[in-house]
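**Q** please work out how this folds:
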Amino acid sequence: MNNEDRPVGEPSNGHDPEEDLKVQRLEEDLSAGLRRTEAGSINVKKSVRTEREEVRVPRRREQVEVERVPAERSEEVTEVEIGEGEEFVVRVYEEEVVVSKRVVLKEEIRLRKRVVEEVEVVEVDLRKEDVEIDERTERTEP
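**A** Numbering: from 1, shown residues only. Next up, the predicted model:
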């Protein structure tokens, strides 16, 4: 009987590797990686509000007081003529409040991103093959 006529699994004179039964046992292996995704955003918006403020400013103004004083002695004035339409102007001044505004820096808002590292536990089901060998041959002992 040559090797071709021999049933599978029957011993032969020499060892033929092609006749060995090979069963592969497989299992899933776990590898974890990271992917960067957008988690949200922060909007920064400025708005303007108006507040009324009151400021007290002391100011001065001139007033004209008119005082009539009788002449101490009554004497004749010869060199002066009585004039009609004579007009004298006395200027009166006052202080006027002037308000000016200027823009000044009061505060800077700084937004900084920082990386916070944390550990997340992820549970994953892995499949693994098991191989059972059920030997059903009867052996006869010599």
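
**Q** ok, the spatially most central residue of the chain - contacts?
**A** Here the mean C-alpha position of the chain is nearest to the C-alpha of I42 (Cα atoms, centre = their mean), at a distance of 4.5 Å. The neighbourhood of I42, defined by Cβ atoms under 8 Å, 6 or more residues apart in numbering, consists of L111. Bear in mind the C-beta positions are built from the backbone N, C-alpha and C, glycine included.

**Q** mind pulling the model confidence for the residue of the chain most remote from its centre?
**A** With distances taken as Cα atoms, centre = their mean, the residue sitting farthest from the centre of the chain turns out to be E76, at 94.0 Å. The predicted structure scores E76 at 79 on the pLDDT scale.

**Q** now do it against V69, distance only.
**A** When Cβ to Cβ, to the nearest Å is applied, the distance between E76 and V69 equals 19 Å.

**Q** try R102
**A** Here the distance between R102 and V69 works out to 52 Å (Cβ to Cβ).

**Q** what's the answer for E132, then?
**A** Using Cβ to Cβ, E132 is found at 138 Å from V69.

**Q** please report phi then psi for P17.
**A** Comment: the main-chain dihedrals of P17 come out as phi -60, psi -20, following degrees, to the nearest 10.

**Q** how many other residues sit next to it?
**A** Burial of P17, expressed as a neighbour count using other Cβ atoms under 10 Å, amounts to 6.

**Q** list the contacts of it.
**A** For P17, the contact set (Cβ under 8 Å, 6+ apart) is empty.
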